[in-house]
Every structure is written in structure tokens, then in C-alpha cells.
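> Sharing a sequence plus its predicted fold:
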Amino acid sequence: METRNERYQVAREYAKRGWKILPLHGVVSGCCTCRATLACANPGKHPRTAHGLKDASTDGHQIDKWWNKWPEANVGIATGILSALVVLDVDDKNGRAGSRTLQALEAAYGELPATLTSTTGSGRHLYFRHPGGIVSNSASLLGEGLDIRGDAGYVVAPPSIHANGRMYQWANPGTDIASLPDWLMGLLTEPAHQQPTDEPLVPVGQRNTSLTKVAGKLRGRGADRGEIEAELIEANTNRLVEPLPIAEVVRIAKSISNYPKGTSQPNLPWFQFFVRDWFSYRVVRLGNEFQRGWFIQLMASAWERGGAIPASDDILWKLAGASSKELFEAEAQLVIDEFEGWTLPNGSRVLVHPWMAQHYVEQAEKYRQRCEASEKAVAARRAKTGRGLIELPADDRPVDRLDMEAEVEPEAETENTKIQRSSYQVEDDHFDSTDLIENSRGRNL
């Protein structure tokens, strides 16, 4: 049985091999140690340290400090030239069929050489020697279910624990790490010391927006938080006329990493508005980059919570993604002025965006009505046939198409109909959007 101490011992051994190590959040009782619980987008996979991949080290004393502080930490290995490694991630989760894609590639180009391989929570990692030059990270560039972790990337290594409870393990310990075959190297590498293009540098005033777009594209391609941070830090250094503070770059990466992989947008439809209305906000017209960024973050948080956010500075600066509470308190008044202060029946103080709250209440009511209609239809069907929702026959025969057409279920969630009741928990402060819905009934918003 794997122990926490074993992860520390193995991390030390990896460092002796010249592999740069970084501690990752662990998984305890099925939850990520970041304490985001079900909201964590990458449980057991994102870095524990403040600067993520930049903190990766082979220093034994540093590794001692990390695992003394976080004994439950998973083990991460920096890939790319830092550790002279390129890792092919073969992912078979959710039907991604990485193994089938790899078989098709091998049939076309030739079999991959035997190399050090680990099993993961949903597939396997194939370790190869870095060929030199630049090997970029990619998601599904080689085909569905095949990702590459190269420069500015990292992988979760044995004996870490996956969120599904499985342990990462070496499938063939002691096997040498093979060189990348020519055909695979040709697809992945760029010439060393590649010069930048003639693309103009991003000016002040567009820095946050530009880095957010980059982060969104990376997240859409399946990048983890550490990889996004590394790419943004590089872009911040090389592509901006005047770099942003590193804390702001890390905040952008953290924010975008909360979105599901495969999409650069939150898993929730945005409320309806016109562009002219957006520019009617004083903070949009008059605010600086930080204030506009905070406003967008708070608007997104308000929509997820029915149009309201807790009226507490201890919470607001975190929701806004500010780098510090002090900075937020000094410059946030222009942002706060766009909301109204309400007191809910339970005594909680919240900041409400009335227009958004009205739209949310209307959509919630429509959703409630659809659910009631669906429940009545299902009850009527059950009374008539003795069956409720469609179930597969015991002998695994295909479901009768007539059964499927006769069944009335809740309307499928779409960009226009999906409503999510969500709540926000920070330490002892709790806000439930249901309170806002009840409080707004009969009120002229």
C-alpha cells in the first residue's frame, strides 16, 4: 500500500535522475486538497506552489521542505528541456479513444519503440527523451485522446493518486527511456532558437484581454493550470510592451483554469445584454485594467449566484480575482457602484445587479414550469404503463424507438435554457441564490 512518505521518497529519487520535481495538490477522501471540493477542475493535478511550474526543482532540501509541509502532495515532473523529457499522454477517458488513435498512427508510420511507461487514472504516459529544439505542449494535435507534454509542461507521476482513487504506477519499471521516432519528432518539434514573428507587441490597455484570450485557447485545448501559467508568463515577458505584475498573470491563469477543459468559456450561459448597454457602465468607460477585470469577474460570479454576490470585502476581493485585499479596497469603489446593496430576509447583505437578477428569476421560473410539466407527464406515463423514465431492458436489447418518442423528459439544457442553482462558500460565509429569488418576487427590479 502506498504511503504519503513513499511519494516523498520517490520524488527524491526522480530528482537524482535529473527530473525537475514540483509538488501537486493531492487527493484525500476523493477531494482535491485545494479545498475547492467539487468545483476543482483538476483535482490532484495542479501545483501546490505559488509559481507553479517555475518552482520545479531537483534540490533535495527544497523537496524536503515541500513534503514536510504537504505530506499528501502528489508528485509532478516538469517535462521539456528542463528534465530532458517528452511525454505522450494516451487518454481513454470518456470515449476519447487515445489507444485506438495511437494504433492507427503506428499502423501508418510504424510502431513506437519500447519505453518507460506509467499507467494513469484513465490511460497511460509514454516517456521519451527530449530531442532538442522546442517541443510544444498540445492537446489532440496528433489525434483524439493523444496529448503531448513537452516544454513548459508537466505530468503527474507515480505513485500519485488520481481523483478516481487509482494510483499512478510504472507499467515497466527499469525500462530505458527511448528516443522519439523520426516521424513523431517531425510532428512535434520546431527549430531551436526560433525567432519571434513580426507581430506587434501588445500595448498597455490590452494586456489583460490578450493574456485572457491566450489562456482561454490553451484551456480549450486541454491545458492544465500550471501549463497555462507557464505560457502566460512567457507571453507576458516577450509579447507585451510593458509586462503585467506576475501576480496578475497568475490570477488570469487561475481564473481560466476553473473552466472545464475543452472550452474557454464557463459551463453556464451568459445573460442577455446589448453592446451599447455594456458600454453604459462607468467602470467600463472610465476604469483602469484592474477595475474592468474585477468588474467582469464579479459579474460572472453574480450570474452564477442568481444576480448577487456577498457584500463582504473579505470575499469580494477573492471573487474579483484581485492580487490583494488592500489593492481591491483602494480601487474598487467604481466597481462596487455598479451594484445595489440589498438585505435578504435571512439578514445577509448582498450586492445585487438588478437587471441580471430579473433575467435570472425569469429564466428560473420558466425552468421550474418546464420541470413541473415534465413531472406531470412522467407521472401520467407511469400511471398508464407502469413505467417512468426509459430503462434499458434486462437483456440489454435496444430500447424501443416508440418508447423513446413517447417519453417526455425535461427540456435538454442549451445555451438559452440551462439554469444552475449555485452557492458560494468561503470559510464561514454562505450565500444561496435561492434567497435572492424569493426576495425578488413582487419587487420592481
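Alright, I've got the coordinates.
> My read is that R7 contacts S160, right?
Yes: judged on C-beta atoms under 8 Å, R7 makes contact with S160 at a distance of 6.8 Å. C-betas here are computed from N, CA, C, even on glycine.
> Spit out the residues that contact the two alike.
74-75 (C-beta atoms under 8 Å, 6 or more residues apart in numbering).
> Could you list the low-confidence segments of the stretch 51-200 of the chain?
The model of the stretch 51-200 of the chain has pLDDT under 70 over residues 94-96, 189-200.
> any idea what sits nearest S136, other than its immediate chain neighbours?
Nearest in space to S136, with sequence neighbours left out and distances taken as C-beta to C-beta, 6 or more residues apart in numbering, is G150 at 5.9 Å.
> Got phi/psi on that neighbour?
Phi and psi for G150, reported as degrees, to the nearest 10, are phi -130, psi -130.
> ok, it - contacts?
By C-beta under 8 Å, 6+ apart, the residues touching G150 are 79-80, 86-87, 130, 134-137, 188.
> tell me the domain ranges of this structure?
Residue ranges for the domains of the chain, per automatic domain parsing: 4-190, 207-257, 295-390+397-445.
> Next, format those domains as JSON lines and append distance to Y281.
Putting the domains of the chain into JSON lines (distance: least, C-beta to C-beta, whole Å) gives the following:
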{"stretch": "domain 4-190", "distance to Y281": "28"}
{"stretch": "domain 207-257", "distance to Y281": "16"}
{"stretch": "domain 295-390+397-445", "distance to Y281": "6"}
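> ok, which stretches of the stretch 201-350 of the chain are helices?
With DSSP state H, counting those that start in this stretch as the criterion, the stretch 201-350 of the chain has helices at 207-220, 225-238, 246-257, 275-278, 282-286, 289-304, 313-319, 325-331, 333-336.
> which helices and strands sit right next to the first one?
Right, helix 207-220. When contacts are defined as 3 or more C-beta pairs under 8 Å, 6 or more residues apart in numbering; DSSP states H and E, helix 207-220 sits against helix 225-238, helix 246-257, helix 289-304.
> so which of those comes closest to Y14?
Closest to Y14 of the helices and strands packed on helix 207-220 is helix 225-238 (C-beta to C-beta; 16.6 Å).
> Next, the angle helix 246-257 makes with the closest one.
140 degrees (axes from the mean of the first three to the mean of the last three C-alpha atoms, to 10 degrees).
> Buried residues in helix 225-238, which are they?
Buried residues in helix 225-238, defined by neighbour count with 16 or more other C-beta atoms under 10 Å: 225-233, 235-236.
> Can you tell me which of those is closest to W170?
Nearest to W170 out of the buried residues of helix 225-238 is G226 (C-beta to C-beta; 22.3 Å).
> which non-adjacent residue is nearest that closest one?
When the adjacent residues along the chain are set aside, G226 lies closest to G52, with 4.2 Å between them (C-beta to C-beta, 6+ apart).
> Noted, bye for now.
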